[in-house]
Each structure stands twice: as structure tokens, then as C-alpha cells.
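In: Below: sequence and its predicted model.
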Amino acid sequence: MAERKIFAGPRVRRVRLTLGLTQTAMADGLGISPSYLNLIERNQRPLTVQLLLRLAAVYKVDLDQLQGDGGGLAGQLREVFADPLLSGEIPGDQELIEMAEGAPNAALGVIKLFRAYKEQAGRLSDLADLLAREGHETSLGRTHLPMDEVRQMLERRPFVFARIDQAAEAFMATLASGDDLTGALKTYLRATHGIVVRQLPVHVMPTLRRRYDRHSMRLFLSERLSVFDRTREIAQEVALLALKDEIALELEELPLSSGEARRIARFELARYGAHALMMPFSTFLATAERCRYDIELLAARFDVSFEQAAHRLVTLHRTGHAVPAFFLMEADHAGNVLRRAGAQGFPKARFGGLCPKLGLHAAFSQPGQVLVERVEMPDGHAFLTVCRTIEGPQGGFGERLRRTALLVGCEMSFAGDTVYGPAAELPAALVAAGTACRLCERQGCLSRAEPPVTRPLGLDEMVTGLSAFDFQ
């Protein structure tokens, strides 16, 4: 039978140092030379079965210690080095495995420091939110990547770019679209810029939704996209060409610190321009007022998706127009917030949007259904919210469908202007929510996920409250 060989030098060295032995002393106990033990510890010689048995017999070593995988430390280290601050520092897993096996105590120290850093970052962010809620600006926040910078900028300012809206209306007035907007946009691209639009099957574009080939002047779209998303991709390409001056002017006025952030923001402005082309401002505003901001009806009238109509609704509120100040948030089933925008800036200080009781999270249990709620905050502010799931690109057999949820809201004082007002007034529609668990002081909340940072924990062995995190 072939003898099993195990290379476990760092673990042997750790055992020896734990016992306080020199290489000479351990070698004598094992019946091998110090030089051979040195080679073993440097992984230049294997640990044979005979040596394993001697280690167990002489030094009472648990053989699992010598055959483990670093006690799961390598996996935890992968999480540490996946953080944006450290990504790219280590090219592969081998160094992490060597660190976990050769210096487990140091690896544990790194993991503890990382967890402490994440906890402190979370606390600082909660403190920043708390100060902002009380009217104090602060620069404290999470890791500031270009994407984070753009998202924060867009959620803090009104989601209105008037130059793009005006230019889009003027452009659409010259475009003989009739009932076929997609066809008209394709004709414009081909006739004016020589760009041909083609739809490609999944096996040709397995990981892309769109690709523009500058050499052949062709815009390729994936067949995974819905009809509405294909139209938006085409409209976005038109916006980058026909509205480029207006996009550049709006981009110039945005307070961004890097070229990468400006590149991301340009993409967002092009997306805004696509919606402005698909749903011209004046026509969309008049239709929205007539149908009392019914998002599903607006989607049908303009032949767009629920998501696209909801995004356009957020852009309507501006000086001279008595339109509800809608805001919008999109999240996935894990609670990750993908997008925030508001007609006057997303009302994060008053509404928050991270409460697990919101219909945004309940919508996943009722896909495609519109949930209307009256959300009351601890400070008395009340909001009308409309939530619904939206589907991502079409998946093939065996692929999990990407589904997110959209929340469109406005202050309850505007509810009477909308088709959703009567439903929000029903007693069953009332939801007592908070901005976020770490900032909410509601007692006895069954949905509480974290204790508030503003109150000490109520650790009483004699009394247990309804919440998993009782506080005083």
C-alpha cells in the first residue's frame, strides 16, 4: 500500500513552539535528525504516517490539527480581502491558505481587526444618519468608491435635469415616431449615424446586455432583455448622440471628484435621457395628472415597464408644477439598496428606507402585485408608499431569475392627488415603521434586527420583551 504523505510544516512548527521545544529536542523525541525536522517545517519533506503516529504518541498531538484546513480561517480571510479597501492586494488564495496555516493567531488577529473596523464603520454611518436627521451635516460615511459617490450625490439632490428634458422634447418633435418609437429610434441611428441595431442570442452574448462595436457601427442587444429594456438601450444610445451637449452641461455641474465618478454619472444621465425620450416631459406630466399618477396605467399608455414609468414619475416635480414630490428606492431580496432618488432628494433623514416592515420587502412574497401602504414614522411624518417587484433580464433554464423590488413614495399630504390615496387610508394599510433599526426607538417591535445606538441594552434576566434586542 502506498504510504500517505502530508505536507504540514507550519502546523508542526506551531505544535513545537506551543510545547516550548527546540528543533533538536523535538527531533530527538521523534527519532529523526534536527535537519530533517527543519526540512519538514519548511514543507520540503512530508509528514509520513509513521511520523504522525510518533507525534501523537510522544507529544499527545491531535492528528486533526495536522490535517485540517486552517480551521476555516482561509475562508474568513477571503472575506476580509474581498473588502473594497483590500481587494487586489492578494492575487490568489495560496497566500491566504499559507497565512491561515502558518500563522493562525495572526490570521485571527487580522479577522478580529476587520470585524471591529466594519462594526465601527457601521456605527459611524449610523451616527452620521442620526446627525443628519437632526439637521447636522457630517462627512462620516461608508467606504467612498466612485459608484458610492455618484449614488450619494444623486440621492441628495433633486432628480431633475431640465436641460435634458427640454432637449429630449425638442428632439422628439422632429422624430416622426407614430406608434413605433423603437422603429423610429432605430431609423434615426441608421440614417443619421450609420448605426445598425441587432439582437443577438444568449450564447453569443452570455454575459452582456448590450455592446456597441465602433468599427462595424453596430449596436448589439441581448435577447435576454425585455421589449421595454431593449427600447431603453436604443434610446440611451440616441441620448448619448442627440443630447450629448445637454448631458455634458449637466455633468459639468455635478460635484464629482474623479474621472471614474464622472464616467458613471454620464451613464446615469444617459439613462435619464433615455427615459426623457421614451416619455417626453410635457406629455407624460399631462397624462400622469389625468390618470392620477397610476404607475401601471402610465406604463401601458407609454408602452414602457412599471420600473421605467416609476423612474419618470420621480422627475416631474419642479418649480411651476404642482406635482407630488415622489421618491424612489430599489432593493434586492437580501435588503441591499441598489438605487435611491427623489424629486427633492431622497428623504433619508425622515423616511430612511431601511425598515424591514416596509412593503418593499413584503413585495417579494407577492411578485407582480402592487402593495399600497401608509407608513408612519416615530416623529409623526407619514408617507404613501407603492411597492412592486420588477424582473431582471430573462434567464435560461436552470438560471435563477433576478428579481428586485421598487418602492415609490411621497408624503401623505399628497396621497389625495393619487389613485392610491383611498387604499392608503384603510386601517389595514397602516405600517408603523422607522428610518432604520439602529436609529429607531419603537418599543416591542417584532421586526427589529438591531438595537438602537441611542439607548442602552436592557439586559434583565427576569424580564424578556417581544423584541430580540430589548433596550431601556
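Out: That came in fine, so what should we check first?
In: Just the CA trace of stretch 440-453, in PDB.
Out: Written as PDB, here are the backbone C-alpha positions of stretch 440-453 (Å, rounded to 0.1, in the frame of the first residue of the first chain):
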ATOM      1  CA  CYS A 440     -35.500  53.600  15.700                       C
ATOM      2  CA  GLU A 441     -36.700  53.700  19.400                       C
ATOM      3  CA  ARG A 442     -40.000  51.900  18.900                       C
ATOM      4  CA  GLN A 443     -40.600  49.500  21.800                       C
ATOM      5  CA  GLY A 444     -41.800  45.900  21.300                       C
ATOM      6  CA  CYS A 445     -41.100  45.800  17.500                       C
ATOM      7  CA  LEU A 446     -41.200  42.200  16.300                       C
ATOM      8  CA  SER A 447     -39.200  43.100  13.200                       C
ATOM      9  CA  ARG A 448     -36.300  44.700  15.000                       C
ATOM     10  CA  ALA A 449     -33.000  43.400  13.600                       C
ATOM     11  CA  GLU A 450     -30.500  45.500  15.600                       C
ATOM     12  CA  PRO A 451     -30.600  47.500  18.900                       C
ATOM     13  CA  PRO A 452     -30.700  51.300  18.600                       C
ATOM     14  CA  VAL A 453     -27.400  53.200  19.100                       C
END
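In: for it, what is the average pLDDT?
Out: Per-residue pLDDT over stretch 440-453 has a mean of 82.
In: likewise stretch 336-351?
Out: 90.
In: for the one helix or strand S35 maps to, the distance to its chain's centre please.
Out: Using DSSP states H and E, S35 maps to helix 34-41. Relative to the chain's own centre, helix 34-41 is displaced by 50 Å; criterion: C-alpha atoms, centre = their mean, to the nearest Å.
In: Tell me which other helices or strands it touches.
Out: Counting by 3 or more C-beta pairs under 8 Å, 6 or more residues apart in numbering; DSSP states H and E, the packing neighbours recorded for helix 34-41 are helix 9-19, helix 23-30. Heads up, the C-betas are built off the backbone N, CA and C, glycines and all.
In: To A436, which of the ones you listed lies closest?
Out: helix 9-19 (43.4 Å; C-beta to C-beta).
In: and the angle for the closest one with helix 34-41?
Out: Using axes from the mean of the first three to the mean of the last three C-alpha atoms, to 10 degrees, the direction of helix 9-19 lies 120 degrees away from that of helix 34-41.
In: Which positions within the helix holding S35 qualify as buried?
Out: If you call a residue buried by 16 or more other C-beta atoms under 10 Å, then helix 34-41 has these buried ones: L37, I40, E41.
In: Not counting its own residues, what contacts it?
Out: Helix 34-41 is contacted from outside by 9-10, 12-13, 16, 23-24, 26-27, 30, 45-47, 51, using C-beta atoms under 8 Å, 6 or more residues apart in numbering.
In: got the CA positions of that helix in PDB?
Out: C-alpha atoms of helix 34-41 as PDB (Å, rounded to 0.1, in the frame of the first residue of the first chain):
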ATOM      1  CA  PRO A  34      17.200  18.100  13.500                       C
ATOM      2  CA  SER A  35      18.000  18.900   9.800                       C
ATOM      3  CA  TYR A  36      15.200  16.500   8.700                       C
ATOM      4  CA  LEU A  37      12.800  18.200  11.100                       C
ATOM      5  CA  ASN A  38      13.900  21.600   9.700                       C
ATOM      6  CA  LEU A  39      13.000  20.400   6.200                       C
ATOM      7  CA  ILE A  40       9.600  19.100   7.400                       C
ATOM      8  CA  GLU A  41       8.800  22.500   8.900                       C
END
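In: Now it: average pLDDT?
Out: 85.
In: In terms of distance to A170, which of the contacts of helix 34-41 ranks first?
Out: For these, the nearest to A170 is P10 (69.8 Å; C-beta to C-beta).
In: And the strands in the stretch 101-250 of the chain, which stretches?
Out: 196-200, 210-213, 218-222 (DSSP state E, counting those that start in this stretch).
In: Out of those, which gets nearest to G178?
Out: strand 196-200 (18.0 Å).
In: Dump the contacts of helix 34-41 to TSV, plus pLDDT, neighbour count and distance to I195.
Out: Converted to TSV, the contacts of helix 34-41 look like this (pLDDT from 0 to 100; neighbours: other C-beta atoms under 10 Å; distance: C-beta to C-beta, whole Å):
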residue	pLDDT	neighbour count	distance to I195
G9	74	21	61
P10	73	19	59
V12	80	23	65
R13	80	19	64
R16	82	20	70
Q23	86	17	72
T24	88	11	77
M26	86	23	73
A27	86	19	75
L30	85	19	75
R45	81	18	65
P46	79	16	63
L47	76	21	65
L51	82	20	70
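In: need those in a markdown table with distance to L249, can you?
Out: Output for the contacts of helix 34-41, formatted as a markdown table (distance: C-beta to C-beta, whole Å):
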| residue | distance to L249 |
| --- | --- |
| G9 | 64 |
| P10 | 60 |
| V12 | 68 |
| R13 | 65 |
| R16 | 70 |
| Q23 | 72 |
| T24 | 78 |
| M26 | 74 |
| A27 | 77 |
| L30 | 77 |
| R45 | 70 |
| P46 | 69 |
| L47 | 70 |
| L51 | 74 |
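In: closest to G359 among the residues you listed?
Out: The closest of those, once distances to G359 are taken by C-beta to C-beta, is P10, at 52.9 Å.
In: Walk me through the domains of this protein.
Out: The chain breaks down by automatic domain parsing into domains covering 9-67, 73-130, 144-278, 293-435.
In: lowest-confidence stretch among these?
Out: domain 73-130 (a mean of 71).
In: Please list the residues outside stretch 15-27 that contact it.
Out: G29, S33, P34, Y36, L37, N38, E41, L55, Y59, V61, Q65, L66.
In: Save these as JSON lines, and put in distance to D83 too.
Out: Below are the contacts of stretch 15-27 laid out as JSON lines (distance: C-beta to C-beta, whole Å):
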{"residue": "G29", "distance to D83": "43"}
{"residue": "S33", "distance to D83": "45"}
{"residue": "P34", "distance to D83": "42"}
{"residue": "Y36", "distance to D83": "41"}
{"residue": "L37", "distance to D83": "38"}
{"residue": "N38", "distance to D83": "37"}
{"residue": "E41", "distance to D83": "32"}
{"residue": "L55", "distance to D83": "38"}
{"residue": "Y59", "distance to D83": "39"}
{"residue": "V61", "distance to D83": "35"}
{"residue": "Q65", "distance to D83": "30"}
{"residue": "L66", "distance to D83": "31"}
